[in-house]
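S.K.: Pasted the sequence and its predicted model underneath.
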Amino acid sequence: APKINVIDLAAINADLGTVTAGTVRGLLIETDSAPTTGIKMDNTSLRGYDGAGVKTFELIRATGIITSVGMEAQAIKNIENFTTGEDITDGDIVCLKPNYTDYLPSDDAYTDQRFPDNNYGSAAMLRLHAGTNFKYSFIKFDMTRIALPNIILKAELRMMRFETVGGVRNIDIKRVGHQWAEGTITWNNQPHVFSDIGTTYGMETFKPVSVASTWVVWDITQLVRHWKDGTIMNFGIRISSNVADLTSFDSKESTFTDERPVLRIYSVQESDGKVYKANCADYLLSRSIVGVAQESKLSGNMIKIQTVGQITNMGGALAGGIVYLSNSPGLWTSLTTNLNRIIKLGKITSAGKAILNVQQEDILIEKLYQHLSATSTTRRFYVPSDARYAVVHIEGGTGFLKKVFHISRDADGLTNWTFAEPGGAPQRVSFNWDVANNFLEITANRSEAYIRNIYFYT
């Protein structure tokens with residue numbers, strides 16, 4: 001099929017023929033024929049032909065004025081066709097979105113303080129209650145079915161709230177400490193739990209909810225990666241509520257099959273090939289930027305996307321400035337204030353114009369706040385297999401300096417990176433990048449430190 005590009009010419013070379021003042025802007029139409037072997041032109045168009053005399057391209061005159069002799073392509077726009085995964089508006093920044101797979105629990109059940117020897121492993125609902133009549137719910141997933149840790153881009157625990165009594169309450173998750181089974185667990189034999197999901201692994205714990213028939217979602221990426229590689233034993237998660245009113249979720253035995261709880265795994269290696277509005281507030285929507293929509297289309301339709309070249313109505317007035325992906329879906333910005341991630345889209349050439357040159361290599365895995373509370377405390381982060389560099393933002397304790405470290409997976413001696421506290425006392429943190437197993441470990445060698453953000457890129 002022919003491919004149409006828009007091309008701006010500063011002039012036309014005299015070697016191609018003699019022309020008078022005329023147009024310098026036109027449409028370049030290319031075919032899938034053999035390479036061009038000859039060029040012909042007149043006052044209306046410039047054409048190329050292969051050895052068999054078949055036309056390979058044609059530049060058709062449109063608007064603009066020839067100002068000098070000589071030919072220069074100043075901006076070539078590459079436009080490709082994609083299918084929309086959602087409604088897209090002309091001018092939206094679009095991306096490919098990673099695919100996900102949903103896994104049902106291997107076990108789920110709840111326990112009831114009023115009936116301490118009863119088992120509710122076959123119940124269609126998972127119940128929660130606080131106060132004088134506690135109810136806890138337990139859920140567990142089979143890790144043998146899950147992708148390798150470095151392939152997991154994001155892992156979410158998703159539960160459908162079936163019914164509620166009362167107003168807003170916090171739903172809390174904790175890591176379970178020993179083995180249990182849905183057919184035998186009761187209030188009297190339920191396992192103990194650890195409260196380290198938030199403090200140690202930097203993940204979400206409390207979720208305020210109030211409305212029935214809504215999904216409640218927790219990001220448990222780091223915990224799932226540790227379960228998968230065996231550094232933490234997988235005994236599942238306990239769910240609880242902080243109010244003395246009943247809260248119920250659908251269980252894996254629910255008759256509403258599309259509302260059963262799932263572990264949703266997003267993979268770094270899969271996509272549905274459709275385009276969605278990009279958004280730097282979500283790392284699933286900022287990893288694979290495609291370009292800018294050239295028309296508006298509803299979901300499921302073919303749409304033209306410009307992937308490179310000069311683009312209008314983008315960028316500020318300052319030539320040489322950078323255009324970035326915004327926190328708002330589909331939008332761009334020339335400011336970096338309050339951006340969750342810095343994703344470059346192109347460079348401003350003049351007022352309202354920019355050259356689109358999308359930054360493809362940045363991969364943000366975690367935006368987090370993890371506390372290395374004491375000497376020799378270590379945190380492990382899984383790395384995409386194609387990443388070669390890491391940028392780690394670390395702060396010391398109260399009053400310590402903030403530092404950003406740039407680390408190469410191929411570098412020698414990744415230990416004893418140092419930054420100085422006020423007064424000159426060293427605050428040491430060590431980095432160990434295990435290339436074979438695709439993880440980066442960060443250890444506090446003295447006092448305490450805080451891990452703010454980690455970027456991995458190729």
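M.R.: Perfect, I can see it now. All of these numbers come straight from a predicted model, not from anything done at the bench.
S.K.: Could you identify the helix or strand that succeeds the longest strand seen in the chain?
M.R.: Here the longest strand in the chain is taken by residue count, with DSSP state E as the criterion, and it is strand 262-277. Using DSSP states H and E, the next helix or strand after strand 262-277 towards the C-terminus is strand 289-293.
S.K.: And the contacts of that following strand?
M.R.: Contact partners of strand 289-293, identified using C-beta atoms under 8 Å, 6 or more residues apart in numbering, comprise 80, 82, 88-96, 275, 278, 303-308, 311, 314, 325, 330, 343, 345, 356, 358-360. All C-beta spots, glycine's among them, are computed from the backbone N, C-alpha and C.
S.K.: among those residues, which ones are buried?
M.R.: With neighbours counted by 16 or more other C-beta atoms under 10 Å, the contacts of strand 289-293 contain buried members at 82, 88, 91-96, 275, 278, 303-308, 311, 314, 325, 330, 343, 345, 356, 358-359.
S.K.: Buried residues in the longest strand of the chain, which are they?
M.R.: In strand 262-277, residues buried by neighbour count (16+ other C-beta under 10 Å) are 262-263, 265-268, 274-277.
S.K.: Run through the helices of the stretch 301-450 of the chain in chain order.
M.R.: If DSSP state H, counting those that start in this stretch is used as the criterion, the stretch 301-450 of the chain turns out to lack helices entirely.
S.K.: Helix or strand with the lowest mean pLDDT in the protein?
M.R.: Averaged element by element with mean pLDDT, DSSP states H and E, the chain has its least confident helix or strand at strand 3-9 (a mean of 41).
S.K.: what's the neighbour count on the nearest residue to Ile442 once chain neighbours are set aside?
M.R.: Using C-beta to C-beta, 6 or more residues apart in numbering and skipping the chain neighbours, the partner closest in space to Ile442 is Arg379 (5.3 Å). Neighbour count of Arg379, defined by other C-beta atoms under 10 Å: 20.
S.K.: Quick check: Arg379 vs Asn118, distance?
M.R.: In this view, Arg379 and Asn118 are 40 Å apart by C-beta to C-beta, to the nearest Å.
S.K.: in stretch 104-116, what counts as buried?
M.R.: Residues 105-112 are the ones in stretch 104-116 that count as buried (16+ other C-beta under 10 Å).
S.K.: rewinding a little: correct me if wrong: the residue nearest to Ile442 contacts Ile451.
M.R.: Yes: contact status for Arg379 versus Ile451: in contact at 6.4 Å, counting by C-beta atoms under 8 Å.
S.K.: for Gly85, phi and psi?
M.R.: Comment: the main-chain dihedrals of Gly85 come out as phi -90, psi -10, following degrees, to the nearest 10.
S.K.: Tell me where the stretch 151-300 of the chain has strands.
M.R.: Along the stretch 151-300 of the chain, counting by DSSP state E, counting those that start in this stretch, strands occupy 152-164, 169-176, 193-194, 207-209, 215-219, 237-241, 247-250, 262-277, 289-293.
S.K.: Select from the ones you listed the stretch with the lowest mean pLDDT.
M.R.: Confidence, taken as mean pLDDT, is least for strand 207-209 of those (a mean of 79).
S.K.: Contacts for that one, please.
M.R.: Residues external to strand 207-209 that are found in contact with it (C-beta under 8 Å, 6+ apart): 161, 164, 168-172, 216-218, 247.
S.K.: Direction included, what does it pair against?
M.R.: In the sheet, strand 207-209 lines up against strand 169-176 (antiparallel) (DSSP bridges).
S.K.: Could you pull out the buried residues of the partner strand?
M.R.: Neighbour-count burial for strand 169-176 flags 169, 171-176 (criterion: 16+ other C-beta under 10 Å).
S.K.: can you list contacts of stretch 184-196?
M.R.: With C-beta under 8 Å, 6+ apart as the contact definition, stretch 184-196 has outside contacts at 109, 111-113, 115-119, 121, 136, 138, 174-180, 235, 238.
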